[in-house]
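Participant: Below is the structure, and that's it, no one-letter string:
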């Protein structure tokens, strides 16, 4: 039964967690023919964090605990947990494991997969449960351990990716802080960035075969993905701002998926957003997929950069191909 309708959404807490191991660009020169200058010039990345024995659910749980603490609620208060990830510890999903580790006994939990767009897709999904009055307190986590699926001999991809987790708490509010959004998908370009299943035929009994196998490491057409991002991300942000009745001048911060500094710069330039309003931390973490936006958000909040009431224009984009934007205000 719906509890109430017409309620708004507020983002009341954030948290993040990263693995302890750091690999800088110089370290990558031992694996592939590259250099710190080559990587930094083309991507803006200087180092990345890598999970060794750490599980996805462990770093996601830590990020979630920090977000819950900032929001000032208890795990038992949570109604819903959404885990945006492409690299769950279990192919059946890791959200329920996180629910158990948190002690969030009342919460229903499920995984959501939309690659690097996952956090924005999860933000919009969670907001619908709150706005319809079904749930009051929602935990949204973006977490990925892409190092599990990187071909460390492929210079085009191994320099890009890192591991991490970020989380936010979303709560029902009299005032709606999610001001507008727009989501998009284009399956015709799915091969531009993929982590594809690789099958091995196996005959069970004569005449009956199944496909057994694993997944091929990440493959990417870098030029196509770059072209896609610099074209589609400004468009989707403009549509979301139109839905929010917000102008560029009213935006306090541009928070994009941390894929490549050249993409961040190109999008900001096209939208005429000053560099000082662009949040970027990819130099330290690389591309952490669904974790990148909440990880950067949490850092900016804890540094005092993002303040209550600030308007944030956020966009995720990546495999699928999927992309989306959300305009929201930080705080209650």
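Facilitator: Structure's in. What do you need? Remember, predicted model here, so these are calculated numbers, not experimental data. Numbering: from 1, shown residues only.
Participant: Confirm for me that residue 112 is in contact with residue 123.
Facilitator: No: Residue 112 is beyond contact range of residue 123, at 10.3 Å (criterion: C-beta atoms under 8 Å). From N, CA and C alone the C-beta is placed, and that goes for glycine too.
Participant: Now do the buried residues in stretch 246-263.
Facilitator: Buried residues in stretch 246-263, defined by neighbour count with 16 or more other C-beta atoms under 10 Å: 246, 251-261, 263.
Participant: Over to stretch 265-279?
Facilitator: Buried-residue list, stretch 265-279, by 16+ other C-beta under 10 Å: 266, 267, 268, 271, 273, 277, 278, 279.
Participant: so which strand or helix has the nearest residue to residue 71 once chain neighbours are set aside?
Facilitator: Nearest residue to residue 71, sequence neighbours excluded (C-beta to C-beta, 6 or more residues apart in numbering): residue 13, at 3.0 Å. Element membership for residue 13, per DSSP states H and E: strand 8-17.
Participant: What of residue 175?
Facilitator: Residue 175 belongs to no helix or strand, assigned by DSSP H and E.
Participant: Out of the buried residues of stretch 265-279, list just those in helices.
Facilitator: Secondary structure from DSSP state H places 266, 267, 268, 271 of those in helices.
Participant: Can you give the domain ranges for this protein?
Facilitator: 8-176, 180-187+219-329 (automatic domain parsing).
Participant: Out of these, the one nearest residue 202 is which?
Facilitator: domain 8-176 (17.9 Å; C-beta to C-beta).
Participant: what separates residue 257 from residue 239, distance-wise?
Facilitator: 17 Å (C-beta to C-beta, to the nearest Å).
Participant: Help me confirm that residue 234 comes into contact with residue 272.
Facilitator: No: if you go by C-beta under 8 Å, residue 234 and residue 272 don't touch, sitting 10.0 Å apart.
Participant: what about the helices in the stretch 201-332 of the chain?
Facilitator: 222-244, 261-271, 282-285, 292-302 (DSSP state H, counting those that start in this stretch).
Participant: and those helices as TSV, adding distance to residue 50 and mean pLDDT?
Facilitator: Output for the helices of the stretch 201-332 of the chain, formatted as TSV (distance: least, C-beta to C-beta, whole Å; pLDDT from 0 to 100):
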stretch	distance to residue 50	mean pLDDT
helix 222-244	21	95
helix 261-271	20	96
helix 282-285	11	97
helix 292-302	15	98
